[in-house]
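> Give me the fold of what follows.
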Amino acid sequence: MKVEAIREKLNNYIRVADDEKIMAMYVLLKDNINATAEWWKDESLLKEMDVEYQNWKSGKTKGYTLDEADQKIEQLRLRRGQLVKAGPATLFPCGKFAQINF
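Residues are numbered from 1 along each chain as shown. Got it, this is the predicted structure:
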């Protein structure tokens, strides 16, 4: 089963699960949830980010503009058949548009 399908099943289950099951899931996952939520306290992650920044600043690592990153993401979404944000509308894999109000 693909991760996307598992994620959807879990989300659907969480919506209808009773309080006891929600609490049990939280107890199992709380350390991971807290670690993700407080990334700025993770010394090894901060060190890794600093090394990456220094490599980028010195030219050892290529950097990307926000526009370049958006283009890459859009290309990946097209290949995977996901929604692609195209200006004020969203293109669905079937080729139909849905209007988005900004």
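> Only C-alpha atoms from now on, for both contacts and neighbour counts.
Noted.
> which helices and strands sit right next to the longest helix anywhere in the chain?
When the chain is parsed with DSSP state H, its longest helix is helix 19-37. Other helices and strands packing on helix 19-37, by 3 or more C-alpha pairs under 8 Å, 6 or more residues apart in numbering; DSSP states H and E, are absent; none qualifies.
> Pull out the buried residues from whichever strand or helix holds residue 57.
When elements are assigned from DSSP states H and E, residue 57 belongs to helix 43-58. By neighbour count, and taking 16 or more other C-alpha atoms under 10 Å as the criterion, helix 43-58 has no buried residues at all.
> Surely residue 63 is in contact with residue 56?
Yes. Residue 63 is in contact with residue 56 according to C-alpha atoms under 8 Å; the separation is 6.2 Å.
> sorry, back to before: what's next to the longest helix of the chain, contact-wise?
With C-alpha atoms under 8 Å, 6 or more residues apart in numbering as the test, helix 19-37 has contacts from 14, 42.
> For the residue nearest in space to the middle of the chain, what is the enclosing helix or strand?
With distances taken as C-alpha atoms, centre = their mean, residue 73 lies nearest the centre of the chain, 11.2 Å away. Taking DSSP H and E as the definition, one finds residue 73 inside helix 66-80.
> repeat for residue 63
When secondary structure is defined using DSSP H and E, no element contains residue 63, which sits outside every helix and strand.
> low-scoring pLDDT stretches of this structure, where are they?
Segments of the chain classed as low confidence (criterion: pLDDT under 70) are 36, 82-102.
> Thank you, goodbye.
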